[in-house]
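Peer 1: this one's structure only:
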């Protein structure tokens, strides 16, 4: 079988934020009980699915704060599919996202009954984004085991996010309001045991707490 090599060109909209290491609470991620929803669309503007993330428990750390996030995925009809939990950190002025959140929904569905381990580095966003600048690459390797502890030899999943750039700054209007956001681009390379090609476009906004 051929290895999957999926390269996805992704454009994201990340709402402008500026904060000091001690000001993590000003970011919506670090307010317990709040939630964000990301909706995916195809080229025709039709909904293909959505992801709701609820920020459940905030903890102070030596360098700032961390928050546990509960993520629920829904199909195009709004039917629940998979759930997962991951962590976001605010570490000396840098937002760090657990790469567990990068696993494609198709893989989450396929491996939902297995135990998962992961190794690699996480996704980082500096507190101040500058148009024209580049961001750090990120990568992760997932390994899956059955409930009996048997490693699945052909179920490995590697994800690499590279060529991350801050393309522009623009105003974006959503059902939640209008936000000043940064437009980010990146390439996502996914390797498994199958061959798939895909292209994705999504928007992400975060709002400062008043």
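Peer 2: Received it, and whenever you're ready, just let me know what you need. Quick caveat, the model's predicted, so the values are computed rather than measured.

Peer 1: just the helices from this structure, written as ranges.
Peer 2: For the chain, the helices defined by DSSP state H cover 105-110.

Peer 1: shaky segments in it?
Peer 2: In the predicted model of the chain, residues 1-26, 101-113, 148-156, 193-210 satisfy pLDDT under 70.

Peer 1: which one's the longest strand in it?
Peer 2: Longest strand in the chain by number of residues, with DSSP state E as the criterion: strand 157-174.

Peer 1: which residues sit against that one?
Peer 2: Applying CB atoms under 8 Å, 6 or more residues apart in numbering, the external contacts of strand 157-174 come out as 11, 13, 16, 99, 102-103, 107, 123, 129-142, 144, 178-192, 203, 205. For the C-beta atoms, the positions are set from N, CA and C on the backbone; glycine is no exception.

Peer 1: how does it look with 7 Å?
Peer 2: Residues outside strand 157-174 that contact it (CB atoms under 7 Å, 6 or more residues apart in numbering): 13, 16, 99, 102, 107, 123, 129-135, 137-142, 178-192, 203, 205.

Peer 1: and what of stretch 47-58?
Peer 2: So stretch 47-58 is in contact with 29-32, 34-42, 65, 67-76, 105, going by CB under 7 Å, 6+ apart.

Peer 1: over to stretch 118-126?
Peer 2: 14, 94-100, 102, 135-136, 138-142, 161.

Peer 1: and residue 142, how far from residue 98?
Peer 2: Per CB to CB, to the nearest Å, residue 142 is found 12 Å from residue 98.

Peer 1: compare those two (neighbour count), which wins?
Peer 2: residue 142 (22 against 19; other CB atoms under 10 Å).

Peer 1: all strands for the protein, in order.
Peer 2: 6-15, 35-41, 47-61, 64-75, 80-91, 94-97, 115-121, 123-126, 138-145, 157-174, 177-191.

Peer 1: for the fifth one, which helices and strands make contact with it?
Peer 2: So the one you mean is strand 80-91. Applying 3 or more CB pairs under 7 Å, 6 or more residues apart in numbering; DSSP states H and E, we find strand 80-91 packed against strand 64-75, strand 94-97, helix 105-110.

Peer 1: neighbouring strands for it, and are they parallel or not?
Peer 2: strand 64-75 (antiparallel), strand 94-97 (antiparallel) (DSSP bridges).
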